[in-house]
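Peer 1: here is the input, now give the coordinates:
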Amino acid sequence: MPHTLTAAARHEAEIRKSRFLALAAPIDAPEAAQSFLDASRDPQATHNCWAWRFGALYRFHDDGEPGGTAGRPILQAIESQGYDRVVVLVIRWFGGIKLGTGGLARAYGGTAAECLRLADRVELREECQVLCDCPYADMDRVQARLLAAGARIEQAEFDERGVRWRLAVARTDVASLETLHTDLTRGQGRFQVS
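Peer 2: Numbering: from 1, shown residues only. Take a look at the predicted model:
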């Protein structure tokens, strides 16, 4: 099962007088990767190399380093540790000693890999949308139990009959949450996977 980061992470290394700073963050869409990169790159640095993966989509960039020596090793660090929905930026300040292509690949990939290895991670779960409702009398109890069971409320609408929620639910939890919902509402509420 792939993982993502629980929060932004950073790791710094000095390699043959060059300073490398890896910054990593979870992303909820490919566009979020670009926003993170725009906000995090250092225009004073020698190179701002990066990679991101979001499902089947991925991108990487060497930012002036020889082709394949920075962006691809960063992407390989993401993939080799089983990450998804993650962006990693490795910033380099040149220290005066050339590292060669192999040295660059090891420096960029190694700094990114160590940053990800030290970061807090969480398993990504495949989610689906569920529409459910319940009478007002059951609302607080049902909401508390659904949230405790891992559902996430994305939308709530209220009318004279009660509340109608759109939930994000782990696909593996749908059956148990439906049983829980039916029990809590005594069969009075709708629970429909959309």
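
Peer 1: how about the most centrally placed residue in the chain: what's its closest non-neighbour residue?
Peer 2: When Cα atoms, centre = their mean is applied to the chain, the residue found nearest the centroid is P26 (3.3 Å). Spatial nearest neighbour of P26, chain neighbours left out: L5 (4.3 Å); criterion: Cβ to Cβ, 6 or more residues apart in numbering. (Glycine included, C-beta is placed from N, CA and C.)

Peer 1: and that neighbour, how many residues sit next to it?
Peer 2: 21 (other Cβ atoms under 10 Å).

Peer 1: what residues of stretch 118-131 count as buried?
Peer 2: Buried residues in stretch 118-131, defined by neighbour count with 16 or more other Cβ atoms under 10 Å: 119, 121, 124, 127, 130.

Peer 1: ignore what I typed, I meant stretch 87-98.
Peer 2: In stretch 87-98, counting by 16+ other Cβ under 10 Å, buried: 87-92.

Peer 1: what about the nearest residue to Y136 once chain neighbours are set aside, neighbour count?
Peer 2: Leaving aside its sequence neighbours, Y136 sits nearest to G162 (Cβ to Cβ, 6+ apart; 4.9 Å). Around G162 there are 18 other residues, counting by other Cβ under 10 Å.

Peer 1: my guess is G162 contacts C134, does it?
Peer 2: Yes - assessed by Cβ atoms under 8 Å, G162 is found in contact with C134 at 5.5 Å.

Peer 1: between these two, what contacts are shared?
Peer 2: Each of G189 lies in contact with both G162 and C134 under the rule Cβ atoms under 8 Å, 6 or more residues apart in numbering.

Peer 1: outline the domain layout of the protein.
Peer 2: 3-123, 127-193 (automatic domain parsing).

Peer 1: worst mean pLDDT across the helices and strands of the protein, which element?
Peer 2: Counting by mean pLDDT, DSSP states H and E, the chain has its least confident helix or strand at strand 121-123, which shows a mean of 85.

Peer 1: where among the domains of the chain is the average confidence lowest?
Peer 2: Ranked by mean pLDDT, the domains of the chain bottom out at domain 127-193, with a mean of 87.

Peer 1: thanks a lot, catch you later.
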